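S.K.: Sequence and predicted structure below; questions after.
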Amino acid sequence: MARMDPQVSSSLTASTGTQAIDRAALLVATVVRADEPLSFLDLHDECGLPKSTTSRLLTALERTELLERNAAGSYVAGPLFWLYATRHDQWDELVRLARPTLERIGADTGETVNLSVTRGDRVVQVAQVDSTYLLGTRDWTEVDVPAHCSALGKVLLAYGGLAVPPGELEQVTPSTITDHAALERQLAQVVRRGYASTVDELEIGLTGIGAPVRGSGGEVIAAVGVSGPSPRLERRLDEIGRLLNDRAEQLSGLLRRRTRKEGVA
């Protein structure tokens, strides 16, 4: 990790009435922005504070629940951060960062573009860019569809974001895959080729293609995809699948960089 700019460090250590607050804030920010839990020595080295000061401030930050220690004794964000996260939409920042990528995909394809995440056992559309075609424009953000018959849902199923539901799978159209073994084979294919597709499985005449978006640890946290009329898309599955892979990887790279810089989930 890069050390703090000397000018900034100098200003933080200046003899002012806010010196203790500045130093405590530096410790919290360093922990929150880190890719992994930090030990006491990591924080001492990274922040450049005296050991006694570091120890005293860390004790106070633990007491106020801004930081806590994990089982290995390293420091992570404290309960107050998780309380804040549960009371606010954790996907707002993801949507903000993804918006330019979604718009580029829309410009590339002309089709409706969606970003999806999981909430419990559901796939939720959290952002959309509308199609430039009259035929194909629809607001999917309020539509609840079964994961096994949507391209974005298949991405999240394939990479473990969702579990395949037990029991009988709903047959939405005659093309919907309802056999568990057949679905598992298709999900394995999604992982091999890097994108999922559906043709007429959710709605007759509708084709969807989706690709995974990864977080800072490489885990799949979302899916990005396009949908539109089958006559326009079903012969372009590989082409658009590769395009989505490229754009999704660019977005994943942005999320990794921003996580290191700002602590984005």
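M.R.: The structure has been received and is ready for your questions.
S.K.: quick one: what helix or strand has the residue nearest to A20 when sequence neighbours are not counted in it?
M.R.: The shortest distance from A20 to any residue that is not its chain neighbour, by CB to CB, 6 or more residues apart in numbering, is 7.3 Å, and that residue is L57. Yep, even glycine has a C-beta here, placed from its N, CA and C like the rest. Under the criterion of DSSP states H and E, L57 resides in helix 51-63.
S.K.: Now do the same for that helix: mean pLDDT, whole number.
M.R.: For helix 51-63, the mean pLDDT works out to 94.
S.K.: what helices or strands is it leaning on?
M.R.: Applying 3 or more CB pairs under 8 Å, 6 or more residues apart in numbering; DSSP states H and E, one finds that helix 51-63 contacts helix 19-33, helix 40-47, strand 67-69.
S.K.: Tell me what G208 is bridged to.
M.R.: Listed by DSSP bridges, the beta-bridge partners for G208 are T198, S227.
S.K.: Return the most buried member of the helices and strands packed on helix 51-63.
M.R.: Across the helices and strands packed on helix 51-63, averaging neighbours per residue (mean count of other CB atoms under 10 Å) puts strand 67-69 on top, at a mean of 19.
S.K.: ok, residues contacting it?
M.R.: Residues lying outside strand 67-69 but in contact with it, judged by CB atoms under 8 Å, 6 or more residues apart in numbering, are 27-28, 31, 58, 61-62, 75-79.
S.K.: Just among the residues you listed, which is most surrounded?
M.R.: Neighbour counts for those, by other CB atoms under 10 Å, peak at V31, which reaches 26 neighbours.
S.K.: what sits against it?
M.R.: Remark: with contacts taken as CB under 8 Å, 6+ apart, V31 is in contact with 37-38, 43, 67, 75-77.
S.K.: and of those residues, the nearest to T198?
M.R.: Of all those, the one with the least separation from T198 (CB to CB) is A77, at 38.3 Å.
S.K.: Then E168 would be within a strand, right?
M.R.: No. Membership of E168 in a strand is not supported by DSSP: H, G, I helix; E, B strand; the rest coil, which gives coil.
S.K.: count of neighbours near it?
M.R.: Residue crowding around E168 was assessed by other CB under 10 Å; the count is 8.
S.K.: need the contact list for it.
M.R.: In this structure, E168 makes contact with T178, judged by CB under 8 Å, 6+ apart.
S.K.: So what's the predicted local confidence for it?
M.R.: The confidence metric pLDDT takes the value 89 at E168.
S.K.: Can you show me the helices along the stretch 51-200 of the chain?
M.R.: If DSSP state H, counting those that start in this stretch is used as the criterion, the helices of the stretch 51-200 of the chain fall at 51-63, 79-87, 92-109, 151-158, 180-193.
S.K.: residues making contact with the fourth one?
M.R.: The set of residues external to helix 151-158 that reach it, using CB under 8 Å, 6+ apart, is 114, 116, 118, 123, 125, 145-148, 161-164, 183, 186-188, 190-191, 195-198, 208-212, 220, 223-225, 227.
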